[in-house]
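> Pasted the sequence and its predicted model underneath.
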Amino acid sequence: MSGAAPPKNNNKLPKIILFGASLTQWAFEEDNRGFGWVLTQKYHDKAEVLNEGEAGYTSTMLIPNFKRIIERSVEPSAPRTLLFTIFVGANDAAILPSGPYVPLKRYEENMRYFVETILTQDNMPDTKIVLITPPPINIPNPPQTQDMEWYKETMKWKTYMSKKTYAEKIMEIAKEYGDETGRVAAVNLWKLLCDSALKDQGILGDEDAYHEDKSPGSGLKTAKAFEKGYFTDGLHFDGRAYDLLSNGLLDLISEKWPELAPDAVGA
């Protein structure tokens with residue numbers, strides 16, 4: 001007879017909820033080392049990691065889904081929700097001829113609604129919230145004949161800068177609620193990705209490395225696209241990008257809430 005302990009019932013394990021759009025939904029694949037897959041491995045038999053991502057959705061479109069998740073999470077018989085990640089904004093910030101663009105003011109309102117709803121649930125008194133900023137996009141390197149003034153009027157450039165603005169808004173929101181409650185923090189994925197790309201180029205730390213005209217993936221002739229391995233297309237992640245997110249998230253958890261680190265849960 002084997003002396004191994006029987007597997008734990010996932011219905012009784014505490015929950016980690018990953019909420020967002022395609023970058024969350026597709027993050028449970030081993031092939032791309034998605035952060036959902038990584039957390040599932042790290043918290044095996046300690047917490048159930050739930051995939052609540054919906055490809056193509058904006059913060060506004062996700063509100064009905066969010067309400068259902070909360071209703072389920074606060075049922076008297078529901079297990080504790082340890083952690084709730086919110087990774088929304090890549091679609092909201094996209095400036096396209098016809099698309100799901102959500103203005104910054106509405107985006108902020110939606111994000112605050114998500115955060116405040118969780119914080120005010122009697123049955124989720126200890127749930128921690130991690131906001132993840134929208135990432136940059138990755139536009140291929142253009143010809144050196146590019147007219148930069150013309151390019152900065154295009155939707156590609158405006159979308160790139162829009163995503164940066166939305167990322168800054170996430171950091172602002174997270175700091176405000178984090179300072180007030182100690183239960184909210186953020187992963188600055190925009191910075192993690194850009195810093196990694198600048199390091200690849202050998203210019204991280206240069207005085208002008210963060211100048212707008214050197215923004216990685218921006219499509220400017222004075223900048224460079226992300227190297228292979230970060231993106232599968234202009235938006236969706238490959239392994240290197242998900243590695244940065246997974247490591248950034250786990251580092252944040254260990255720093256802010258060490259009791260939620262994988263080694264501590266269930267110990």
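The structure has been received and is ready for your questions.

> where are the low-confidence patches of the stretch 1-150 of the chain?
Within the stretch 1-150 of the chain, the ranges that satisfy pLDDT under 70 run 1-11.

> Go again with 90.
1-12, 96-100 (pLDDT under 90).

> In it, mark out all the strands, start to finish.
Here the stretch 1-150 of the chain has its strands, by DSSP state E, counting those that start in this stretch, at 15-20, 48-53, 81-87, 128-132.

> mind putting these in TSV, distance to Asp206 and mean neighbour count included?
(Glycine included, C-beta is placed from N, CA and C.) Converted to TSV, the strands of the stretch 1-150 of the chain look like this (distance: least, CB to CB, whole Å; neighbours: other CB atoms under 10 Å):
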stretch	distance to Asp206	mean neighbour count
strand 15-20	33	24
strand 48-53	36	21
strand 81-87	30	25
strand 128-132	27	25
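
> Turn those into a markdown table, including distance to Tyr101.
As requested, these are exported to a markdown table (distance: least, CB to CB, whole Å):
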| stretch | distance to Tyr101 |
| --- | --- |
| strand 15-20 | 17 |
| strand 48-53 | 20 |
| strand 81-87 | 18 |
| strand 128-132 | 20 |
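
> The top helix by length along the chain packs against which elements?
Using DSSP state H to define each element, the chain has its longest helix at helix 155-181. Packed against helix 155-181 by the contact rule (3 or more CB pairs under 8 Å, 6 or more residues apart in numbering; DSSP states H and E) you find helix 104-119, strand 128-132, strand 184-187, helix 189-201.

> same question for that helix, mean pLDDT?
Throughout helix 155-181, pLDDT has a mean value of 98.

> That one: which residues count as buried?
Buried residues in helix 155-181, counting neighbours by 16 or more other CB atoms under 10 Å, are found at 156-157, 159-164, 166-167, 169-171, 173-174, 177-178.

> roughly how far out does it sit from the chain middle?
How far helix 155-181 lies from its chain's middle: 12 Å, per CA atoms, centre = their mean, to the nearest Å.

> One more: stretch 232-240?
13 Å.

> Could you do stretch 75-85 as well?
Relative to the mean C-alpha coordinate of its chain, stretch 75-85 is positioned 20 Å out (CA atoms, centre = their mean).

> which residue ranges form the helices in the stretch 1-150 of the chain?
22-25, 35-42, 63-73, 104-119, 148-151 (DSSP state H, counting those that start in this stretch).

> Residues in contact with the longest one: which ones?
Taking CB atoms under 8 Å, 6 or more residues apart in numbering as the criterion, the residues outside helix 104-119 that touch it are 19, 59-60, 62-63, 66, 70, 84, 86, 88-89, 92-93, 102, 124, 127, 129, 131, 165-166, 169-170, 173, 177, 181, 183-184.

> can I get the helices and strands packed on helix 155-181 in a markdown table with distance to Lys152?
Compiled in a markdown table, those are given as follows (distance: least, CB to CB, whole Å):
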| stretch | distance to Lys152 |
| --- | --- |
| helix 104-119 | 19 |
| strand 128-132 | 27 |
| strand 184-187 | 28 |
| helix 189-201 | 18 |
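
> So which of those is the most surrounded?
Greatest average neighbour count among the helices and strands packed on helix 155-181 goes to strand 128-132 (a mean of 25), per mean count of other CB atoms under 10 Å.

> Indicate each strand paired with that one and its parallel or antiparallel sense.
Applying DSSP bridges, strand 128-132 is found paired with strand 81-87 (parallel), strand 184-187 (parallel).

> Could you export those as JSON lines, including distance to Thr232?
As requested, the strands paired with strand 128-132 are exported to JSON lines (distance: least, CB to CB, whole Å):
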{"stretch": "strand 81-87", "distance to Thr232": "17"}
{"stretch": "strand 184-187", "distance to Thr232": "20"}
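
> out of these, which comes closest to Gln41?
Closest to Gln41 of these is strand 81-87 (CB to CB; 15.5 Å).

> Thank you, goodbye.
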